[in-house]
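Visitor: Based on what follows, work out the 3D shape:
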Amino acid sequence: MSGSPRVPGTSAAEHLSPAFPERAAWGTAGKLRAWQAEALDQYFRTEPRDFLAVATPGAGKTTFALRLAAELLARRTVDRITVVAPTEHLKVQWADSAARVGIKLDPYFKNSQGRSAPGFHGVAVTYAQVAAKPVLHHNRTANARTLVILDEVHHAGDALSWGDAIREAFEPARRRLSLTGTPFRSDTSPIPFVQYAPDAEGIRTSQADYSYGYSRALKDGVVRPVIFMAYAGEMRWRTKAGDEMSALLGADATKDVHAQAWRTALDPKGEWIPAVLRAADMRLTEVRRSIPDAGGLVIATDQTVARAYAKQLREITGEAPTVVLSDEAGASKRIEEFSDSNDRWLVAVRMVSEGVDVPRLAVGVYATSSSTPLFFAQAIGRFVRSRKRGEVASVFLPSVPVLMNLANNLEAERDHALDRKPNPDDDGIVTFDDELLERANQSESASDGLLGSFEALGAEASFDRVLFDGGEFGSGGLVGSEDELDFLGIPGLLEPDQVAQLLRTRQAEQTKRKAKSGGASVDFVQESRDELEHRAFKEERNQLQSLVGAWARRTGKPHGTIHIELRKACGGPAIAQATRAEVQARIKKIQGWFIGKK
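Guide: Residues are numbered from 1 along each chain as shown. All right, here's what the predicted structure looks like:
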């Protein structure tokens, strides 16, 4: 190990070499979290050329990386730092964080400059910037002993050309530190400087040198618990062939029907989005009783709908939300202003989905058609950063199987697999890759190409259920009903075990209330017999969806596969076209599966 010897009785994380004049400033970066100190110890035991650290969003990867960089500079192991980040905003965020610990990074370095300005320890650049001129960055890296920090390194695999450029640019680096909160990708493009090894099934998977997952971070109080508020509803639309279609959001259907029902729900001209935004704002009001500066974020699919959602939020709250569109000038400044303010809502496309640090975000609306595990994890990561124990995050989302599965498996730790084949059982679950989302981010009309031509006719929202820690609570209800308000009114400061206990209590109260009213919600008592029949049918379909979700967690099977098995066992069409008797038969069948009946 190079540099001065370690002081006896100290760990590598505690010992910083006094060799550099700026050593005193670097040593005041604040107390390290246990995982950060542990990862630093692991690094300095061997000082490898390449090191991959996987830490859940909100855990403090930047602090870890800067402390490691400070030590390598102090020991004169390296002379220069290059940080590679996904976005322009993150370059500035890295430079600001580095400045607080005495490391000077130039976030405004341009390829045309050729060399960084004097007085800096290094530069912060984007992956796109490196890919544009890899030879330039190769020469800069080779001309000095360089530590390259690859932030959210999975982006280096966004395109084959990007991966090749990153390899070329940073092959001469003295040290490379790769960071990610989401090491998996939806494709099989290898990530540069990441090691892969075959698992028990022979599938090559990424090998992290240090991992700190959401489950452990939750136990340590480093991140917040997340409550998912799922909303269903009846969707109606007209296809490009002129046919009028209807479906229950998230119900068993073909990929086309499933996708267009989802898109109908997200249409700003329908009733689903305004209803969910109102519910989310009510939740934010409750959270702000105990966390006065709590803010909310709506993640939209493209710029056109983002502006429409912002208009609706202004009508709901009486306040104009902050709108951030990734390719607009001044976007970084607006994020910073929102972060430092007490404003209620931020509406964004992609820019706030990854890496951007706005710790006061506590309520989210997942109003996008992206369903890759990578994007979902990045988006939820915006809400989990904990400032003090007891803070709870709430995320509102459409009740569609792929999102329910991702929400239920939030604590699952994944690696990037190069050889994994598509699962043929996933029919009926639609996903949109990151390339489509990126295209939507660049063009206001790109959403027209996502799902094909269609016309949304109507989107009715209904409260479906709450998901927390792998469990599901609630049995559905009208928007504005007591069944919904039970869960919207959960306090904003609770320990994880208190959240689970309160959710169980609320569900028990709802069950008693419905039993007392003869199986119908008190909101329906004065309605006509036909309307009661309609509402009961909707609740039974919601019940079937909940049972399918629970069976999926028990067996590991996709929701679509379970629906197909139920149809084979009971007969009848897809759930969107099934009669009430057919739905009841499937409920009875799946309930039998839970107790071992064939």
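Visitor: drop to CA atoms for contacts and neighbour counts, all remaining ones
Guide: Fine.
Visitor: By mean pLDDT, flag the weakest helix or strand of the chain.
Guide: In the chain, no helix or strand scores lower on mean pLDDT, DSSP states H and E than helix 434-442, which sits at a mean of 38.
Visitor: T62: neighbour count?
Guide: 18 (other Cα atoms under 10 Å).
Visitor: That should have said E244, apologies.
Guide: 14.
Visitor: so it sits right up against R238, yeah?
Guide: Yes - between E244 and R238 there is a contact under Cα atoms under 8 Å: 4.3 Å.
Visitor: Can you get me a residue count around F120?
Guide: F120: 13 neighbours (other Cα under 10 Å).
Visitor: pretty sure it is in contact with Y108, am I right?
Guide: No - between F120 and Y108 there is no contact under Cα under 8 Å: 11.6 Å.
Visitor: Outline the domain layout of the protein.
Guide: 23-212, 226-413+425-588 (automatic domain parsing).
Visitor: Could you export these as TSV, including distance to G596?
Guide: TSV is the format used below for the domains of the chain (distance: least, Cα to Cα, whole Å):
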stretch	distance to G596
domain 23-212	30
domain 226-413+425-588	12
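Visitor: Least confident of those domains, on average?
Guide: With a mean of 79, domain 226-413+425-588 has the lowest mean pLDDT of the domains of the chain.
Visitor: gap between it and the chain center?
Guide: 13 Å (Cα atoms, centre = their mean, to the nearest Å).
Visitor: Straight-line length of it, end to end?
Guide: The first and final residues of domain 226-413+425-588 sit 32 Å from each other (Cα to Cα, to the nearest Å).
Visitor: quick revisit: of all the domains of the chain, which one is nearest L218?
Guide: domain 226-413+425-588 (8.5 Å; Cα to Cα).
Visitor: Report all helices and strands that the helix or strand K91 falls within contacts.
Guide: K91 belongs to helix 88-99 when assigned by DSSP states H and E. Applying 3 or more Cα pairs under 8 Å, 6 or more residues apart in numbering; DSSP states H and E, we find helix 88-99 packed against helix 61-74, strand 80-85, strand 105-106, strand 122-126.
Visitor: so where does I562 fall, helix or strand?
Guide: With DSSP H and E as the criterion, I562 is inside helix 559-570.
Visitor: next structured bit after that helix?
Guide: Going down the chain from helix 559-570, the next helix or strand is helix 580-594, by DSSP H and E.
Visitor: How far off centre is that following helix?
Guide: For helix 580-594, the distance to the chain centre is 33 Å (Cα atoms, centre = their mean).
Visitor: Run through who's touching that helix.
Guide: If you take Cα atoms under 8 Å, 6 or more residues apart in numbering as the criterion, helix 580-594 is touched by 537, 540-541, 543-544, 547-548, 551, 566-567, 570-572, 575, 598.
Visitor: Quick check: L361 touching G295?
Guide: Yes - the pair L361 and G295 passes the contact test of Cα under 8 Å, sitting 4.6 Å apart.
Visitor: Would you mind telling me which of the two has the busier surroundings?
Guide: Neighbour count, other Cα under 10 Å: between L361 and G295, G295 has more, with 27 against 24.
Visitor: Touching, that one and S341? I think so.
Guide: No - look at G295 against S341 with Cα under 8 Å: they stay out of range, at 9.3 Å.
Visitor: Would you map the strands across the stretch 251-400 of the chain?
Guide: 295-300, 322-324, 345-348, 361-367, 393-398 (DSSP state E, counting those that start in this stretch).
Visitor: Distance to Q42 added to those, as a markdown table?
Guide: Converted to a markdown table, those look like this (distance: least, Cα to Cα, whole Å):
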| stretch | distance to Q42 |
| --- | --- |
| strand 295-300 | 36 |
| strand 322-324 | 39 |
| strand 345-348 | 38 |
| strand 361-367 | 32 |
| strand 393-398 | 32 |
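Visitor: Can you point out the buried residues in stretch 549-564?
Guide: Buried residues in stretch 549-564, defined by neighbour count with 16 or more other Cα atoms under 10 Å: 549-553, 558-564.
Visitor: which of those lies closest to Q36?
Guide: R553 (32.6 Å).
Visitor: In which helix or strand does that closest one reside?
Guide: Residue-wise, R553 maps onto helix 529-555 under DSSP H and E.
Visitor: Please apply the same query to F228.
Guide: Judged by DSSP H and E, F228 forms part of strand 226-232.
Visitor: can you give me the helices in the stretch 201-350 of the chain?
Guide: Using DSSP state H, counting those that start in this stretch, the helices of the stretch 201-350 of the chain run over 214-219, 255-266, 272-290, 303-317, 331-340.
Visitor: Turn these into CSV, including mean neighbour count.
Guide: Putting the helices of the stretch 201-350 of the chain into CSV (neighbours: other Cα atoms under 10 Å) gives the following:
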stretch, mean neighbour count
helix 214-219, 18
helix 255-266, 23
helix 272-290, 21
helix 303-317, 19
helix 331-340, 17
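Visitor: Out of these, which is closest to L503?
Guide: Distance to L503, taken as Cα to Cα, is lowest for helix 272-290 among those, at 15.0 Å.
Visitor: contacts for that closest one?
Guide: In contact with helix 272-290 (Cα under 8 Å, 6+ apart) are residues 231, 233, 265-268, 294-296, 309, 312-313, 316-317, 344, 362-365, 396, 459-461, 479, 488-493.
Visitor: buried subset of these?
Guide: Going by neighbour count (16+ other Cα under 10 Å), the contacts of helix 272-290 have 231, 233, 265-268, 294-296, 309, 312-313, 344, 362-365, 396, 459-461, 479, 488, 490-493 buried.
Visitor: SS state for D464?
Guide: Taking DSSP: H, G, I helix; E, B strand; the rest coil as the rule, one finds D464 in the strand state.
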